[in-house]
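Engineer: sequence plus the predicted model coming up.
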There are 2 protein chains.
Amino acid sequence: MTSARGPGRPKLDPTVDNRQRILTTARELFSESGFERTTMRAIGRRAGVDPALIHHYFGTKSDLLVAALRPEVNVAAVFDGIADTDSSVGREFVHRVIDFWERDPQQRARAVALLRVAVTHEQIADRLREFIRGVATAALGEFVATDDSDRRVAMVMSQMLGLILARYVMKVPGIADASATELSRWVGPTIDNYLSGDIGGVSPDR
Amino acid sequence: MTSARGPGRPKLDPTVDNRQRILTTARELFSESGFERTTMRAIGRRAGVDPALIHHYFGTKSDLLVAALRPEVNVAAVFDGIADTDSSVGREFVHRVIDFWERDPQQRARAVALLRVAVTHEQIADRLREFIRGVATAALGEFVATDDSDRRVAMVMSQMLGLILARYVMKVPGIADASATELSRWVGPTIDNYLSGDIGGVSPDR
């Protein structure tokens, strides 16, 4: 999203202030009233901006919710040099995803909240899915085998979604209490297989 | 749960009727008003039974919700002979799980509803987790390697939860539109590995 800085106000950037204020207000209101009962009008009123400006910056209410709750993940920084370790790409990926989830409790709480809303609202599930796919593709794209690359990324998403759900939401013993290193050792080979292993293309039918 | 048939009423089994009526009424009310706003008192009133009887049969409100929404899965019938095919146990397991999910749209809708409530209510997540673990253990217990068997089952749960979430809730392309046979081919080897492969116990640290 581009910054539409107005002319003649060089000292202060009201665009940045407005965007931040809208995001903060949206988090408050979604948290207080839930997704359904929160209106763009109410967010605009409390943030002191025109609802049209919210639409202009963020799009629909679903888009705004995802923008307000999704982690601020700098993919380049989080996954830089993922292939340059003694570990496999899959292991290193799992380790860094878990590290990232555990670095900032506030971001984690928001991400869990986003997952919760997504499972009950199709439009938000759509946007979260595309966000996750974007992160996975940016982090792993160069390591995905070219045959069936979309399916390979989808399989990685399925295992990582399940791992996050099992660890942070369902709190499955053995996963909730494991270290990032343990999880990377157990799940890493699965990710490596989905990325570049034989995923059934040449196997006999069933 | 045992059937506490009363003495002197041999022809009709009011226990069965009451249990079924409570479950049906609970589904209606949870669906109409959500988990939070539905009370045991309201279920009792509409079902024509004393709320104490609901507690007696089903336990807490969380227990009742899980009983009302969980699939009626006859583990023995669904997973019988899982090792007696040309396929691997992992592949056969994935195939049968997906077949089961797709056999009955009404049960699937309920199971998705249960998953949705579980991700927002910790007590229900606890009960759903134990239900899933029970099914996984009953279906796969004899094929799980004895070292770290609890962790192995937990890893199977993480992949299957992610697969279900990706297919039926997040609708990830490549997974949502794949056949049961394709999914079993792609995910089966992961399940086989979690069940009996090397899951990192002897690997060097990271």
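Structural biologist: Arrived safely.

Engineer: got a list of what residue A:139 touches?
Structural biologist: Each residue near residue A:139 by Cβ atoms under 8 Å, 6 or more residues apart in numbering or on different chains is listed here: A:75, A:78-79, A:82, A:93. No exception for glycine: its C-beta is placed from N, CA and C like everyone else's.

Engineer: gap between it and residue B:28?
Structural biologist: Distance of residue A:139 to residue B:28, given as Cβ to Cβ, to the nearest Å: 45 Å.

Engineer: go on, residue A:138?
Structural biologist: From residue A:138 to residue B:28 the distance is 46 Å (Cβ to Cβ).

Engineer: with just CA atoms, put the one helix or strand residue A:187 maps to into CSV.
Structural biologist: Using DSSP states H and E, residue A:187 falls within helix A:180-196. The C-alpha coordinates for helix A:180-196 follow below in CSV (Å, rounded to 0.1, in the frame of the first residue of the first chain):
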residue,chain,number,x,y,z
ALA,A,180,11.7,-25.2,18.5
THR,A,181,14.7,-27.4,17.9
GLU,A,182,12.7,-30.6,18.6
LEU,A,183,9.9,-29.5,16.3
SER,A,184,12.3,-28.6,13.6
ARG,A,185,13.9,-32.1,13.8
TRP,A,186,10.5,-33.9,13.7
VAL,A,187,8.7,-31.8,11.1
GLY,A,188,11.6,-30.6,9.1
PRO,A,189,11.9,-33.8,7.0
THR,A,190,8.2,-33.6,6.2
ILE,A,191,8.7,-30.1,4.8
ASP,A,192,11.8,-31.2,2.9
ASN,A,193,9.8,-34.0,1.4
TYR,A,194,7.0,-31.7,0.4
LEU,A,195,9.5,-29.2,-1.1
SER,A,196,11.5,-31.5,-3.2
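
Engineer: which parts of it are buried?
Structural biologist: Neighbour counts using 16 or more other Cβ atoms under 10 Å in any protein chain shown place A:180-196 of helix A:180-196 among the buried residues.

Engineer: with stretch A:109-128 instead?
Structural biologist: Buried residues in stretch A:109-128, defined by neighbour count with 16+ other Cβ under 10 Å: A:110-121, A:124-125, A:127-128.

Engineer: any weak-confidence spans in chain A?
Structural biologist: Within chain A, the segments meeting pLDDT under 70 span A:1-16, A:201-206.

Engineer: mind redoing it with 50?
Structural biologist: Low-confidence segments of chain A, defined by pLDDT under 50: A:1-3, A:5-6, A:8-10, A:202-206.

Engineer: which residue is nearest the middle of it?
Structural biologist: Centroid-nearest residue in chain A, with Cα atoms, centre = their mean: residue A:132, separated by 4.8 Å.

Engineer: circling back: now, the buried residues of stretch A:109-128 that are in strands?
Structural biologist: With strands taken from DSSP state E, there is no overlap with the buried residues of stretch A:109-128.

Engineer: what residues go with each domain of chain A?
Structural biologist: Domains of chain A are assigned by automatic domain parsing as A:14-69, A:75-196.

Engineer: could you say which of those is packed most deeply?
Structural biologist: Compared across the domains of chain A, domain A:75-196 shows the largest average neighbour count, a mean of 19 (mean count of other Cβ atoms under 10 Å in any protein chain shown).

Engineer: JSON lines please, covering the domains of chain A and showing distance to residue B:19.
Structural biologist: Converted to JSON lines, the domains of chain A look like this (distance: least, Cβ to Cβ, whole Å):
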{"stretch": "domain A:14-69", "distance to residue B:19": "33"}
{"stretch": "domain A:75-196", "distance to residue B:19": "28"}
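
Engineer: so what's residue A:158 up against?
Structural biologist: B:159, B:162-163, B:165-167, B:172, B:175, B:187.

Engineer: quickly check these for the two that are furthest apart.
Structural biologist: Within the contacts of residue A:158, B:159 and B:172 form the most distant pair, 13.9 Å apart (Cβ to Cβ).

Engineer: which residue does chain A bring closest to chain B?
Structural biologist: residue A:162 (2.2 Å; Cβ to the nearest Cβ).

Engineer: secondary structure element for that residue?
Structural biologist: Assigned by DSSP H and E, residue A:162 belongs to helix A:149-164.

Engineer: chain center to that helix, what's the gap?
Structural biologist: 13 Å (Cα atoms, centre = their mean, to the nearest Å).

Engineer: one more: stretch A:127-141?
Structural biologist: The answer for stretch A:127-141 is 8 Å, by Cα atoms, centre = their mean.

Engineer: the longest helix seen in chain A - contacts with which helices or strands?
Structural biologist: Counting residues, the longest helix found in chain A (DSSP state H) is helix A:14-37. If you count contacts as 3 or more Cβ pairs under 8 Å, 6 or more residues apart in numbering or on different chains; DSSP states H and E, helix A:14-37 packs onto helix A:40-47, helix A:51-58, helix A:61-69, helix A:105-118.

Engineer: angle of the first one against helix A:61-69?
Structural biologist: Same thing as helix A:40-47. Counting by axes from the mean of the first three to the mean of the last three Cα atoms, to 10 degrees, helix A:40-47 lies at 40 degrees to helix A:61-69.

Engineer: name the helices or strands packed onto helix A:40-47?
Structural biologist: Using 3+ Cβ pairs under 8 Å, 6+ apart: helix A:40-47 touches helix A:14-37, helix A:51-58, helix A:61-69.

Engineer: how about the last one?
Structural biologist: Contact analysis of helix A:105-118 by 3+ Cβ pairs under 8 Å, 6+ apart lists helix A:14-37, helix A:61-69, helix A:89-103, helix A:122-140 as its packing neighbours.

Engineer: cutoff 7 Å now
Structural biologist: Packing contacts for helix A:105-118, counted by 3 or more Cβ pairs under 7 Å, 6 or more residues apart in numbering or on different chains; DSSP states H and E, involve helix A:61-69, helix A:122-140.

Engineer: dump those to a markdown table, plus distance to residue A:45.
Structural biologist: A markdown table is the format used below for the helices and strands packed on helix A:105-118 (distance: least, Cβ to Cβ, whole Å):
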| stretch | distance to residue A:45 |
| --- | --- |
| helix A:61-69 | 15 |
| helix A:122-140 | 23 |
